[in-house]
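**Q** Below are the sequence and a predicted model; questions follow.
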Protein chains: 2
Amino acid sequence: MSVTAAQGFTAAGIAAGIKENGNPDLALVVNNGPRRAAAGVFTSNRVKAAPVLWSEQVLKGGEVSAVVLNSGGANACTGPRGFQDTHATAEKAAAVLEGHSAGEIAVASTGLIGVPLPMDKLLPGIEKAAAELSAYGGEKAAIAIKTTDTVHKTAVATREGWTVGGMAKGAGMLAPGLATMLVVLTTDADVDGPGLDKALRDATRVTFDRVDSDGCMSTNDTVLLLASGASGITPAHDEFADAVRSVCDDLARMLIGDAEGASKDIRIEVVNAASEDDAVEVGRSIARNNLLKCAVHGEDPNWGRVLSAIGTTRAAFEPDRLNVAINGVWVCRNGSVGEDRELVDMRYREVRITADLAAGSESAVIWANDLTADYVHENSAYSS
Amino acid sequence: MSVTAAQGFTAAGIAAGIKENGNPDLALVVNNGPRRAAAGVFTSNRVKAAPVLWSEQVLKGGEVSAVVLNSGGANACTGPRGFQDTHATAEKAAAVLEGHSAGEIAVASTGLIGVPLPMDKLLPGIEKAAAELSAYGGEKAAIAIKTTDTVHKTAVATREGWTVGGMAKGAGMLAPGLATMLVVLTTDADVDGPGLDKALRDATRVTFDRVDSDGCMSTNDTVLLLASGASGITPAHDEFADAVRSVCDDLARMLIGDAEGASKDIRIEVVNAASEDDAVEVGRSIARNNLLKCAVHGEDPNWGRVLSAIGTTRAAFEPDRLNVAINGVWVCRNGSVGEDRELVDMRYREVRITADLAAGSESAVIWANDLTADYVHENSAYSS
């Protein structure tokens, strides 16, 4: 499964020694063709890690032969040396894989910001990973990109004769404009660069971009989609886009489900908005309200905190027409007290908040997590 | 001290029974003149509590004779009944104080959203408070408006023959556009409405508006400035504005110092910005970054989280020219590794973060708090 579910791809995941604890930390994904079309979406943070700057350039070339991913270090805010290190990583992979130039090798990194990568460990690791490349290596690759993830994350959508598969890592710093996530999707469908790009952007807009675990945007987010064309089939665009969105949706839900320290997954649906943008803005405002996130953790249906979050947005609404449901109970009607809050059962991990703006017919769903003492502990007890 | 430091004011604070635990919960501040000029600043949340809607109307009349404040209930999201309750509160105070109309009585409330006030307790409480009005009642009034505040908050600035004094409550839901704060300032200077309004807006813009404890904006924020003219002195505007700002600054710092569950006060200074707006935007983005707030709690000088927060803003800067100091140590220079982070001592309650945008000469200071397990506990363990 994972990135090797589609034909034409091999992958490997190994321990190069970048992580001091000896866990797997280097993954290699290779597109063996016949096509090497690719598309990518990157963090919208203006402070971008060296591998993001590098891979953005690689994508402009239109072809990606391989992706080198490492955990154990973000290579962000590392200055000119950081960029040289990424360049050297791509050069090394091109040399080891033969027949490719560094300009076709994408690089992605995740881990602590502001610390240079141990290149004396990383470069030999690429040789070791190349030696272990396999059509069954997708799981190992997914394991090697984990940081504080408790599980590795893979998903697959199989259609008539072709497949889209993928892997993801990410457990904190998840926010709109992408999260601290590294995602590699592969397909054996025969789709060209523009087709991949449209399918990927449309999919990330309604999946990864609507996941907001902690409101913090990473410097390293990378989502790549590689097509080998090995199935020989070119699906209709809508059919292909649907498969890509399905895999992205599955992976995005796994990211929320594995968020650092979280005890609840919060599904925030904004309905009857004047526009989709309004719905997304309101959903994000609710998703980022620390007081509400604490209340959800405490299984307290505190709808006043939902209203105060809605009130900070520019969306079209009248305060005395707002309705809010928590797990299906309309605790707020017309901006005031609604059904009895004692009716709300919040014992399960998934909590559903519905905000009805009564201002139109558009809607959007944002996923968030609760705020817990464990989150504070995980993110204050050590640098990550 | 407090609201009775200036001549011409009496105040009282009593237990009306609004709070079930029997603590003081009702305050009354009366301006005995000869002037009754006033100015007010209210929450910019579009979901406004009934007393905010009421007091905004009162301020349009230009005169405020008295303020009724209650803790134990916000009277927010309580529908038409909530507004009627506020109106009845003002009517009762006007009747008890004699010689005033309800249209001169401001009302402010704080506590849980979405729960109607117990008017059978509140209205008799106004009679009781009026009977206890005293020129020494400022402290008791400050105590009666506490919610989760651990201390009551008062400040005074005394000048040549005139005084500005005030009281504040607020301990959570502190964010730009004002916080869950109720503030009443009084002065015996002889200043007209427009003069009060300008001094108050200029002061709140650089004090309360730059306090961001938890990024959550309240439905009830109210800051009032009442002038009795009892000193007979009309100071120069700049001198008066300086005294108002001084009192607001003292109260704002007390709010941060008493924020729910906080263990650190974080002073974020953004320097060399292209504009003051840029400096404020960057400061707020840093102030609201949960990962950074956790790191500060853990006394971890994690400057990468500062850079990733800066990178989400629209401010003018180049990533490779950013510098960041934590407690005076420039741990990030030119967007990359700077001085040794081991040099940073973060053991004290106040932590100073300096972000140098290298893009101009403007600056701003934002105050924030760390994110702690205690904050999570206080805000998840019960409705507040």
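**A** Nice, I can see it.

**Q** Residue A:355 reaches residue A:284, doesn't it?
**A** No. Counting by Cβ atoms under 8 Å, residue A:355 does not reach residue A:284; the two are 11.6 Å apart. (Glycine included, C-beta is placed from N, CA and C.)

**Q** Looking at these two, which is more packed in?
**A** Remark: of residue A:355 and residue A:284, residue A:355 carries more neighbours, 28 against 23, as counted by other Cβ atoms under 10 Å in any protein chain shown.

**Q** how about the closest residue to chain B within the stretch 51-200 of chain A, secondary structure?
**A** The stretch 51-200 of chain A approaches chain B most closely through residue A:113 (2.7 Å), counting by Cβ to the nearest Cβ. When classified by DSSP: H, G, I helix; E, B strand; the rest coil, residue A:113 comes out as coil.

**Q** Contact partners for it?
**A** By Cβ atoms under 8 Å, 6 or more residues apart in numbering or on different chains, the residues touching residue A:113 are A:49, A:74, A:76, A:77, A:219, B:302, B:304, B:305, B:307, B:308.

**Q** try 7 Å
**A** Residue A:113 makes contact with A:74, A:76, A:77, A:219, B:304, B:307, B:308 under the criterion Cβ atoms under 7 Å, 6 or more residues apart in numbering or on different chains.

**Q** phi, psi of it?
**A** The phi/psi pair for residue A:113 (degrees, to the nearest 10) reads phi -80, psi 150.

**Q** which residue ranges form the strands in the stretch 251-384 of chain A?
**A** All strands of the stretch 251-384 of chain A, identified by DSSP state E, counting those that start in this stretch, fall at A:265-273, A:323-326, A:329-333, A:336-337, A:350-356, A:362-369.

**Q** could you dump those to a markdown table with distance to residue A:192?
**A** Listed next are those as a markdown table, based on distance: least, Cβ to Cβ, whole Å:
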| stretch | distance to residue A:192 |
| --- | --- |
| strand A:265-273 | 35 |
| strand A:323-326 | 44 |
| strand A:329-333 | 48 |
| strand A:336-337 | 55 |
| strand A:350-356 | 39 |
| strand A:362-369 | 30 |
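
**Q** got those as TSV, with mean pLDDT and distance to residue B:238 columns?
**A** Shown next, in TSV, are the strands of the stretch 251-384 of chain A (pLDDT from 0 to 100; distance: least, Cβ to Cβ, whole Å):
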stretch	mean pLDDT	distance to residue B:238
strand A:265-273	97	47
strand A:323-326	97	47
strand A:329-333	96	46
strand A:336-337	93	45
strand A:350-356	97	46
strand A:362-369	93	47
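
**Q** returning to what we had before: quick check: nearest residue in space to the residue of the stretch 51-200 of chain A closest to chain B, chain neighbours excluded?
**A** Distances taken as Cβ to Cβ, 6 or more residues apart in numbering or on different chains place residue B:304 nearest to residue A:113, at 2.7 Å, with adjacent residues excluded.

**Q** And the pLDDT at residue A:171?
**A** Note on residue A:171: pLDDT of 61.

**Q** picking up where we left off before, ok, which of the strands of the stretch 251-384 of chain A comes nearest chain B?
**A** Once the strands of the stretch 251-384 of chain A are compared by Cβ to the nearest Cβ, strand A:336-337 is nearest, at 3.3 Å.

**Q** Surely residue A:299 and residue A:345 touch.
**A** No. If you go by Cβ atoms under 7 Å, residue A:299 and residue A:345 don't touch, sitting 8.7 Å apart.

**Q** So for these two, which sits in the more crowded spot?
**A** Between residue A:299 and residue A:345, residue A:299 has the larger neighbour count (other Cβ under 10 Å), namely 16 against 13.

**Q** what's near enough to touch that one?
**A** Going by Cβ under 7 Å, 6+ apart, the list of residues near residue A:299 reads A:346, A:347.

**Q** now it: how far from residue B:148?
**A** Using Cβ to Cβ, to the nearest Å, one gets 20 Å for the distance from residue A:299 to residue B:148.

**Q** again with residue A:105
**A** 55 Å.

**Q** Would you mind telling me which of these two has more residues around it?
**A** Using other Cβ under 10 Å as the criterion, residue A:105 and residue B:148 rank with residue A:105 on top: 27 against 20.

**Q** still on that earlier bit, report pLDDT for the residue nearest to residue A:113.
**A** 89.

**Q** And the helices in chain A?
**A** Taking DSSP state H, the helices of chain A run over residues A:50-61, A:79-97, A:119-131, A:138-144, A:193-206, A:237-257, A:276-287, A:290-297, A:303-310, A:373-380.

**Q** Need these in TSV (columns: distance to residue A:34).
**A** What follows is those, written out as TSV (distance: least, Cβ to Cβ, whole Å):
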stretch	distance to residue A:34
helix A:50-61	18
helix A:79-97	16
helix A:119-131	20
helix A:138-144	20
helix A:193-206	15
helix A:237-257	18
helix A:276-287	39
helix A:290-297	48
helix A:303-310	51
helix A:373-380	45
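
**Q** averaging pLDDT over each of the ones you listed, which comes out lowest?
**A** Comparing mean pLDDT across those, the weakest is helix A:373-380, with a mean of 83.

**Q** Could you give the number of residues near the nearest residue to residue A:354 once chain neighbours are set aside?
**A** Nearest in space to residue A:354, with sequence neighbours left out and distances taken as Cβ to Cβ, 6+ apart, is residue A:325 at 4.2 Å. Using other Cβ under 10 Å, residue A:325 has 23 other residues around it.

**Q** With residue A:101 instead?
**A** Around residue A:101 there are 13 residues (other Cβ under 10 Å).

**Q** And for residue A:192?
**A** By the criterion of other Cβ under 10 Å, residue A:192 has 14 neighbours.

**Q** my guess is it meets residue A:36, correct?
**A** No. With contacts defined as Cβ under 7 Å, residue A:192 does not count as touching residue A:36, sitting 11.1 Å away.

**Q** care to break chain A down by domain?
**A** A:2-257, A:265-380 (automatic domain parsing).

**Q** and the shortest one, how far apart are its ends?
**A** The separation between the terminal residues of domain A:265-380, taken as Cα to Cα, to the nearest Å, is 22 Å.

**Q** try stretch A:284-297
**A** So stretch A:284-297: terminal residues 18 Å apart, Cα to Cα.

**Q** What residues of that stretch count as buried?
**A** Of all the residues in stretch A:284-297, those buried under the rule 16 or more other Cβ atoms under 10 Å in any protein chain shown are A:284-297.

**Q** what's the answer for stretch A:72-92, then?
**A** A:72-79, A:82-83, A:85-86, A:88-92.

**Q** Also stretch A:19-26?
**A** Neighbour counts over stretch A:19-26 (16+ other Cβ under 10 Å) mark A:19, A:24, A:25, A:26 as buried.

**Q** Please apply the same query to stretch A:194-213.
**A** A:195-204, A:206-213.

**Q** Mind listing residues that contact that stretch?
**A** By Cβ under 7 Å, 6+ apart, the residues outside stretch A:194-213 that reach it are A:37-39, A:41, A:172, A:174-179, A:181, A:223, A:225, A:227, A:237, A:240-241, A:244-245, A:248-249, A:252, A:255-256, A:259, A:284, A:287-288, A:364-369.

**Q** And residue A:125, how far from residue A:221?
**A** According to Cβ to Cβ, residue A:125 and residue A:221 sit 23 Å apart.

**Q** got it, and residue A:241?
**A** Where residue A:221 is concerned, residue A:241 sits at a distance of 21 Å (Cβ to Cβ).

**Q** With neighbour numbers in mind, choose between these two.
**A** residue A:221 (29 against 20).

**Q** And the pLDDT at that one?
**A** For residue A:221, the pLDDT comes out at 89.
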